[in-house]
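>>> Mind looking at a prediction? Sequence and model below.
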Amino acid sequence: MSRPVDKRVFADKVLNDWLSSVGLGIEYTRADGNTLYFVDENGDEVPVLDHVCGFGSLILGHNNREIVEHAKSVLDRQVPVYVQLSRQSHADDVAAELNAILRREIPDGDQHYSAIYANSGAEAVEICLKHAELERQARIAALADEVGTHIEQAREAFRAGNVTVADTPYVRVERNGGADEFESLVAEVERRNAELMAREPVHLALENAFHGKLVASIQLTQNPHWRTPFTALASSTRFVRADQPEAMKTAIEDVRESMLDVLVDDGVVTVAERDFPVIGAFFVEPVQGANGMRVLTEEAAREIRAVCDAVGCPLVVDEIHSGMGRTGAFFASKHMGLRGDYYTLSKSLGGGIAKNSVVLFRQDRFRPEFEVIHSSTYAKDGYSGAIAKKVLRMLEADNGKAYAVAAELGGKLKAVLESVRAEFPEVVDAVNGIGLMLALEFKDQTNASSELISEKARSGMLGYVIAGYILREHRIRVLPLGPSGNSVRFEPSIFLTDADIARTGAALRDACTILRDQAGHRLAR
Ligand code: 5B6
């Protein structure tokens with residue numbers, strides 16, 4: 001007789017075992033607003049206050065009643081879900097609404113933005129990479145055309161006997177005074193240019209950036225543990241510090257490449273350098289989630305815009321995490337006046353019950369052929385389109401009351417986090433973030449006197465162990481984030497209550513007391 005197989009071995013067994021080991025391996029059975037529920041050993045439903053809220057994808061909460069009712073009616077009305085290559089007005093409606101919001105929050109003359117839909121955040125980011133490469137290839141082709149014309153002009157002048165070939169530091173040519181002197185110079189220029197044109201682009205992103213985990217987008221996510229096994233699969237990224245404009249300029253100088261051009265000047269054929277578009281795009285999160293909710297400054301936003309304008313590459317504003325209202329504006333980039341060429345949105349666009357993402361491309365850069373070059377079976381579907389329309393209507397209702405609520409609740413929650421910091425200066429380093437995108441950063445505990453605390457800190461697990469404790473003792477769900485997992489994230493829905501905020505403060509004071517008193521045994525399960 002064969003033994004029954006434990007079905008828990010089939011999906012994410014290692015991850016689930018590890019979650020259980022830190023006290024986070026709970027199966028939630030119901031979700032409503034800002035609350036998750038699990039059933040305990042007595043069969044009782046236990047509510048848990050959720051500060052993770054789908055990694056920030058639930059600005060309107062879990063299973064929002066209005067959105068769920070809308071979804072039911074969409075399905076009941078038999079709205080077509082998959083009708084690829086037909087007219088789909090919901091895609092126009094959502095894009096028009098996003099354009100109106102963008103125009104209001106980040107005025108940009110009469111530019112409009114064209115939308116391309118996708119299914120996930122990383123997919124939207126990869127769409128940006130592809131589109132930026134189309135732009136770059138077009139610039140390369142224009143440059144190569146110009147160089148080709150110059151070579152023809154020089155060849156004609158050489159044949160007519162009007163010019164001589166000068167010595168050039170760029171290309172070494174056999175000097176024999178004959179006709180092949182010119183042709184060997186051209187051959188070498190063309191060989192060098194072809195080699196350059198075949199090279200992959202370099203992208204720019206900020207230190208500790210997170211832009212996804214697919215094959216190409218993972219190269220824009222700095223975490224070496226996630227990125228470096230795959231560096232051979234896609235083009236690389238230079239990570240630059242937002243607060244060091246000089247370092248940004250140095251990085252650009254470092255990657256600079258020149259195409260060779262052949263020019264006739266005063267009866268002499270010379271070789272000149274032309275700036276080659278080596279940089280594909282600059283990717284920026286207005287609020288860096290994975291970097292502990294760090295908000296870009298106005299000064300950094302200005303520098304980044306200036307760099308992109310100087311280089312001629314698109315600025316991709318990744319609003320996958322920060323967009324859709326949780327910072328107190330629909331686009332977080334409004335706060336620091338960051339104007340992008342491409343914008344990505346996802347997460348709350350799905351209203352907590354659908355997967356959706358979109359890229360908005362500034363009209364003057366958009367390449368219409370992309371609409372055919374790129375596609376995905378599930379993108380732009382009728383169901384997620386109808387949900388996105390509903391979400392946008394709800395966020396924009398009453399003059400954007402949702403954004404004001406996010407700002408107000410975020411202010412209250414931040415004040416509580418600041419009070420915890422003031423009470424525990426030896427334990428808490430900083431409070432970061434804006435609106436409902438906040439983090440409390442703990443001080444490094446790798447040299448803690450409690451063996452358990454220092455050991456967990458050294459293995460990068462302390463944040464998870466603290467999250468497990470807060471869940472167990474306070475029925476509050478938080479997760480760590482930040483480059484060394486030293487921060488705890490708060491990105492709840494706009495249905496957070498004052499009582500929830502007070503409870504959160506109490507739970508954090510308790511966790512801070514453990515760290516201050518080095519009472520590691522209290523964290524052990
Ligand atoms: O939908 P998808 O996950 O592909 O979106 C990618 C993405 C995200 C994002 O925030 C930005 C700005 N750009 C693209 C999605 N964020 C996910 C995320 N995941 C973790 C931590 C984060 O701060 C953000 C994470 N951390 C640990 C383990 C697993 C995930």
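Noted; the coordinates are in hand. Everything quoted here is computed from the prediction, not taken from an experiment.
>>> average model confidence for the helix or strand containing L438?
Using DSSP states H and E, L438 sits within strand 437-442. Strand 437-442 comes out with an average pLDDT of 97.
>>> That strand pairs with which strands, and in what direction?
Partners of strand 437-442 in the sheet, by DSSP bridges, are strand 428-434 (antiparallel), strand 487-490 (antiparallel).
>>> Go ahead and name everything in contact with the longest one.
Outside of strand 428-434, the residues within contact range by Cβ atoms under 8 Å, 6 or more residues apart in numbering are 287, 292-295, 327-328, 332, 335, 410, 414, 417-418, 420-421, 438-443, 486-487, 490, 512. C-beta: built from backbone N, CA, C; applies to glycine.
>>> go on, stretch 159-175?
With contacts defined as Cβ under 8 Å, 6+ apart, stretch 159-175 is touched by 154, 157-158, 180-182, 184-185, 188-189, 192, 260, 264, 267-271, 273.
>>> out of the strands paired with strand 437-442, deepest packed?
Mean neighbours per residue, mean count of other Cβ atoms under 10 Å, is largest over the strands paired with strand 437-442 for strand 487-490, with a mean of 27.
>>> Any residue of that one touching the ligand?
No. Using Cβ under 6 Å from any ligand atom, no contact is recorded between strand 487-490 and the ligand, whose separation bottoms out at 7.3 Å.
>>> Can I get that strand as CSV, trimmed to CA atoms?
Coordinates of each C-alpha in strand 487-490 appear next as CSV, following Å, rounded to 0.1, in the frame of the first residue of the first chain:
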residue,chain,number,x,y,z
SER,A,487,13.4,48.2,8.9
VAL,A,488,9.8,47.3,9.5
ARG,A,489,7.3,48.3,6.7
PHE,A,490,3.9,49.9,7.1
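>>> Give the next helix or strand downstream of it.
According to DSSP H and E, the helix or strand after strand 487-490 is helix 498-516.
>>> and that next one with strand 428-434, angle?
Using axes from the mean of the first three to the mean of the last three Cα atoms, to 10 degrees, the inter-axis angle of helix 498-516 relative to strand 428-434 is 150 degrees.
>>> burial count for E298?
E298: 11 surrounding residues under other Cβ atoms under 10 Å.
>>> residues in the stretch 351-500 of the chain within reach of the ligand, list them.
L481.
>>> can you tell me the residue of the protein closest to the ligand?
G121 (2.1 Å; Cβ to the nearest ligand atom).
>>> what about that residue, distance to E207?
Distance, G121 to E207, by Cβ to Cβ, to the nearest Å: 20 Å.
>>> next one: E423
Distance, E423 to E207, by Cβ to Cβ: 31 Å.
>>> Then D517?
Taken as Cβ to Cβ, the span from D517 to E207 is 34 Å.
>>> The two: which has the busier surroundings?
Neighbours were counted for D517 and for E207 using other Cβ under 10 Å; E207 has more, 16 against 11.
>>> can you tell me which residues contact that one?
222, 239-242, 291.
>>> Run the chain-centre distance for the helix or strand hosting H70.
Taking DSSP H and E as the definition, H70 sits inside helix 65-76. Distance of helix 65-76 from the chain centroid (Cα atoms, centre = their mean, to the nearest Å) equals 30 Å.
>>> next one: stretch 419-427
Offset of stretch 419-427 from its chain centre (Cα atoms, centre = their mean): 31 Å.
>>> How about stretch 307-318?
When C-alpha coordinates are averaged (Cα atoms, centre = their mean), stretch 307-318 and its chain have centres 15 Å apart.
>>> Confirm that Q153 lies within a helix, as I assumed.
Yes. The assignment for Q153 is a helix, going by DSSP: H, G, I helix; E, B strand; the rest coil.
>>> circling back: and the buried ones among the contacts of E207, selectable in PyMOL?
The buried subset of the contacts of E207, as determined by 16 or more other Cβ atoms under 10 Å, is captured in PyMOL by this line:
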select buried, resi 222+239+240+242+291
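>>> Including secondary structure and pLDDT, could the contacts of E207 go into TSV?
Shown next, in TSV, are the contacts of E207 (DSSP: H, G, I helix; E, B strand; the rest coil; pLDDT from 0 to 100):
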residue	secondary structure	pLDDT
Q222	coil	97
F239	strand	97
V240	strand	97
R241	coil	95
A242	coil	91
N291	coil	95
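>>> before we move on, the earlier item: residues near the residue of the chain closest to the ligand, how many?
G121 has 27 nearby residues by other Cβ under 10 Å.
>>> quick one: contacts for it?
Here G121 is in contact with 212, 320-321, 344, 346-347, 357 (Cβ under 8 Å, 6+ apart).
>>> Verify the contact between S449 and Q518 for me.
Yes. S449 lies in contact with Q518 (Cβ atoms under 8 Å); the separation is 5.0 Å.
>>> any idea of the pLDDT on the residue nearest the centre of the chain?
The centroid of the chain falls nearest to H211 when counting by Cα atoms, centre = their mean (3.4 Å). On pLDDT, H211 comes in at 98.
>>> repeat for the one 4 residues further on
V215 is assigned a predicted lDDT (pLDDT) of 98.
>>> Need the nearest residue in space to it, chain neighbours excluded.
The spatially closest residue to V215, leaving aside those adjacent along the chain, is L233, at 5.1 Å (Cβ to Cβ, 6 or more residues apart in numbering).
>>> What are the structural domain limits within this structure?
By the assignment in automatic domain parsing, the chain contains the domains 13-63+399-522, 106-380.
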